[in-house]
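J.: fold the following and give me the result.
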Amino acid sequence: MNIAQYLDSTYLKTPAQSGLSQEETLQKDIELTQEAIDHGIFAVMIRPDYVSDIKKYIQEKNSDVVVGTVIGFHEGTCSVDEKLTEAEKAIADGADELDFVINYNAYLKGDLELVKNEFVKCTRLSLEHYKIAKWIIEIAALTNEQIADLTKNISDWAEENFSENDLSKIFVKSSTGFYETKDGKPNGATFEGIKIMLDNAGKLPVKAAGGVRTPEDAEKMINLGVKRIGTSSALALIKNQTSSEGY
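T.: Okay, here's the model as predicted:
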């Protein structure tokens, strides 16, 4: 199996989180991108501040590696207007795919109207600019019943508001990788969680992010039905090695 074509090779730490400078962080993103170019990895997933530079780098290399970025990351609690503004800038900077963190805290409080509103508006913006929209639901913060319900709501909202042809461009994604869990509970994709998402996503594709640390796990996720895998260890996976990274 060609795992590389399913991978979003990911580096999402800010300079403050990593202890690196802005320049050093950009260099890490460039190295990540060159790995993707050299090994046929589908996409790189980076912070919005670095999209413009990385897009230019890919174009200079005459590569078709896709540039993805995150919006409302990682808590998802900023307003819809803030998410739209961040997304508009990312699009202007050359992002091909936008991974939005859904306001799962609002969902947990029962404010479905707010969550639906941000989903529809941000997805519409993405599709109008011919971009892929992925919605991170942060499964580690949810019960199995909530994972099923939120995924089903997203699927229903997509079918109600967008055309049949658009549905393949709207993903449901498992995790940010930054959610802090207790008692050693996984904070990324699990087979159980992904199966629940797949069972409730309808016609929407699913992205498993975080927790996929061996080639065998990646193949199992793909065989379950996921269309993309987010990982900070893309190179290890395609070289048939076990990841030592947390995401």
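J.: what's the helix or strand for residue 135?
T.: strand 132-136 (DSSP states H and E).
J.: just the C-alphas of that strand, formatted as PDB.
T.: These are the backbone C-alpha positions of strand 132-136, laid out as PDB (Å, rounded to 0.1, in the frame of the first residue of the first chain):
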ATOM      1  CA  ILE A 132     -10.800  21.600   1.100                       C
ATOM      2  CA  ALA A 133     -12.400  22.200   4.500                       C
ATOM      3  CA  LYS A 134     -11.700  19.800   7.300                       C
ATOM      4  CA  TRP A 135     -13.500  20.000  10.700                       C
ATOM      5  CA  ILE A 136     -11.600  18.900  13.800                       C
END
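J.: quick one: secondary structure of the residue nearest the centre of the chain?
T.: Residue closest to the average C-alpha location in the chain (Cα atoms, centre = their mean): residue 99, at 4.6 Å. Per DSSP: H, G, I helix; E, B strand; the rest coil, the secondary structure class of residue 99 is strand.
J.: gap between the two ends of stretch 134-145?
T.: Stretch 134-145 has an end-to-end distance of 21 Å (Cα to Cα, to the nearest Å).
J.: the helices in this protein, which residues?
T.: Per DSSP state H, the chain carries helices over the ranges 15-18, 22-39, 51-60, 80-93, 104-108, 112-128, 144-161, 191-200, 215-224, 234-238.
J.: quick check: which of the ones you listed is buried the most?
T.: Ranked by mean neighbour count under mean count of other Cβ atoms under 10 Å, the helices of the chain are led by helix 234-238, which reaches a mean of 22. Bear in mind the C-beta positions are built from the backbone N, C-alpha and C, glycine included.
J.: what is that one packed up against?
T.: Applying 3 or more Cβ pairs under 8 Å, 6 or more residues apart in numbering; DSSP states H and E, we find helix 234-238 packed against strand 7-11, helix 22-39, helix 215-224.
J.: for residue 206, which of those is the nearest?
T.: Residue 206 sits nearest to helix 215-224 of all these, at 8.7 Å, using Cβ to Cβ.
J.: quick one: that closest one to helix 191-200, angle?
T.: Note on geometry: by axes from the mean of the first three to the mean of the last three Cα atoms, to 10 degrees, helix 215-224 and helix 191-200 are set 20 degrees apart in direction.
J.: list the helices and strands helix 215-224 packs on?
T.: Partner elements for helix 215-224 (3+ Cβ pairs under 8 Å, 6+ apart): helix 191-200, strand 228-231, helix 234-238.
J.: could you redo the last one with a cut-off of 7 Å?
T.: Judged by 3 or more Cβ pairs under 7 Å, 6 or more residues apart in numbering; DSSP states H and E, helix 215-224 is in contact with helix 191-200.
J.: averaged pLDDT, the helix it packs on. What do you get?
T.: Mean per-residue pLDDT for helix 191-200: 98.
J.: which of the helices of the chain sits closest to residue 178?
T.: Per Cβ to Cβ, nearest to residue 178 of these: helix 15-18, 8.8 Å.
J.: quick one, what contacts the closest residue to residue 116 other than its chain neighbours?
T.: Nearest residue to residue 116, sequence neighbours excluded (Cβ to Cβ, 6 or more residues apart in numbering): residue 157, at 5.4 Å. Residue 157 makes contact with 116, 119, 120, according to Cβ atoms under 7 Å, 6 or more residues apart in numbering.
J.: look up how far residue 161 lies from the first one.
T.: Meaning residue 116. Distance of residue 116 to residue 161, computed by Cβ to Cβ, to the nearest Å: 9 Å.
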